[in-house]
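**Student:** A predicted structure for the sequence below; I have some questions about it.
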Amino acid sequence: MSSKQSFNTFLIISCYLINIINTQLLINVKNQGGDVVQENIAANVTDSTVILEFQRSDGTLVTQLIDFASDVQILKALVLGEEERGQSQYQVMCFVCHFQKNEFISADAMSKLRQKNPGTVRMPEEDRGRDNYTMDYFVDISRSGVISRHIATLCAEAANATYIRRQDLLLWASQPGASESQLMSAVRAFPGGSMVPSCKDTTSIKLPCQCHIEMCIGWYPCALKYCKGKEEIMNASMSYRCGIKTCKKCFLFSYFVHQKQVCLWDE
């Protein structure tokens, strides 16, 4: 990366990290390639949310937001442009998915975590593999509040590149008080349908295609640990919280793009 690109990267990333000054944890994590990245994890008990953010070694800024109140997970990628290939600016994509509450410790539990050795390089206890997501629709940011009120804020720069799956919409629609028609009003179909070739099989950079991007969360608190002890007065067995379990998880997203030009890494 040139000095100019490095400076531009610094400016872009700095602007995004301004919003996480009150981070609860700064975790040093060794990724699959052996590089150490620093994850910023913040919990908001009032909003019942957790935000995890880090910059990959290739410069991509990844943000994961868990909205426990709505059972929604948002994964955002800010990808820097390749100037030598005609991409002078960065691009932002958001992927909105259904979330099971037991996949991440609660915002309240997250807010109570403390670090004893902040400089330690962490490794996850469990690798939960990779989930594949084929996205079916664009999300209409202006109507996205029926899914999660956090989408419009987090994905403001991805107004035309925020994606969702039909099967996740149906899961939210099955919840008490939810409306499938209301949820469907917040999405729009891909132009010409989704049956387009993979970007790696598309020769022209101006043709629409199916892009792929992988995002891996190298370390996150996926569950609480409980230990058994005895109540001194009653001499009875009891369980108490004694730590956290940590996991790694990857996500592979397949999604529609208007031109291969915005998916040059998928070759």
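**Tutor:** Arrived safely. All figures in this text were calculated on a predicted structure; none of them were measured in a lab.

**Student:** switch to C-alpha atoms for all contacts and neighbour counts from now on
**Tutor:** Will do.

**Student:** how many neighbours does Ile205 have?
**Tutor:** 15 (other C-alpha atoms under 10 Å).

**Student:** Quick check: it touching Gln259?
**Tutor:** Yes: at 6.0 Å, Ile205 counts as touching Gln259 under the criterion of C-alpha atoms under 8 Å.

**Student:** What are the boundaries of the helices in the stretch 1-150 of the chain?
**Tutor:** Taking DSSP state H, counting those that start in this stretch to define them, one finds helices in the stretch 1-150 of the chain at 3-17, 107-111.

**Student:** Where among those helices is average confidence lowest?
**Tutor:** Here the lowest mean pLDDT among the helices of the stretch 1-150 of the chain goes to helix 3-17, at a mean of 45.

**Student:** Could you pull up the residues touching Ile244?
**Tutor:** Neighbour list for Ile244: 221-225 [criterion: C-alpha atoms under 8 Å, 6 or more residues apart in numbering].

**Student:** Quick check: can you name the pairing partners of the helix or strand it falls within and their directions?
**Tutor:** In the assignment (DSSP states H and E), Ile244 maps to strand 236-257. Strand 236-257 has the following strand partners under DSSP bridges: strand 126-134 (parallel), strand 209-231 (antiparallel).

**Student:** Mean neighbour count, distance to Asp35 and mean pLDDT for those - can I get that in JSON lines?
**Tutor:** Conversion of the strands paired with strand 236-257 to JSON lines gives the following (neighbours: other C-alpha atoms under 10 Å; distance: least, C-alpha to C-alpha, whole Å; pLDDT from 0 to 100):
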{"stretch": "strand 126-134", "mean neighbour count": "13", "distance to Asp35": "17", "mean pLDDT": "95"}
{"stretch": "strand 209-231", "mean neighbour count": "17", "distance to Asp35": "11", "mean pLDDT": "89"}
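
**Student:** can you count the residues close to Arg166?
**Tutor:** Arg166 has 14 nearby residues by other C-alpha under 10 Å.

**Student:** hang on, it packs against Asp136?
**Tutor:** Yes: using C-alpha under 8 Å, Arg166 makes contact with Asp136 at a distance of 6.1 Å.

**Student:** Quick check: the residue nearest to the spatial centre of the chain vs Phe190, distance?
**Tutor:** Geometric centre of the chain, nearest residue: Leu75, 2.4 Å, by C-alpha atoms, centre = their mean. Computed as C-alpha to C-alpha, to the nearest Å, the Leu75 to Phe190 distance reads 20 Å.

**Student:** Could you find the closest non-adjacent residue to Gln100?
**Tutor:** Using C-alpha to C-alpha, 6 or more residues apart in numbering and skipping the chain neighbours, the partner closest in space to Gln100 is Asp71 (6.4 Å).

**Student:** err, Glu214, not the other one
**Tutor:** Leu252 (4.3 Å).

**Student:** what sits against the one you found?
**Tutor:** 130-133, 212-215 are the contacts of Leu252 under C-alpha under 8 Å, 6+ apart.

**Student:** Please verify my assumption that Asn102 contacts Ala223.
**Tutor:** Yes: here Asn102 reaches Ala223: they are 7.1 Å apart, a contact under C-alpha under 8 Å.

**Student:** least trustworthy helix or strand in the chain by mean pLDDT?
**Tutor:** Lowest on mean pLDDT, DSSP states H and E among the helices and strands of the chain sits helix 3-17, with a mean of 45.

**Student:** which residues does Val37 contact?
**Tutor:** Residues counted as contacts of Val37 (C-alpha under 8 Å, 6+ apart) are 28-31, 54-57.

**Student:** what's next to stretch 156-168, contact-wise?
**Tutor:** So stretch 156-168 is in contact with 91-98, 133-141, 155, 255, going by C-alpha under 8 Å, 6+ apart.

**Student:** any idea how far that stretch is from the chain center?
**Tutor:** Relative to its parent chain, stretch 156-168 has a centroid offset of 12 Å by C-alpha atoms, centre = their mean, to the nearest Å.

**Student:** Ok, stretch 163-180 next?
**Tutor:** Relative to where its chain is centred, stretch 163-180 has its mean C-alpha point 19 Å off (C-alpha atoms, centre = their mean).
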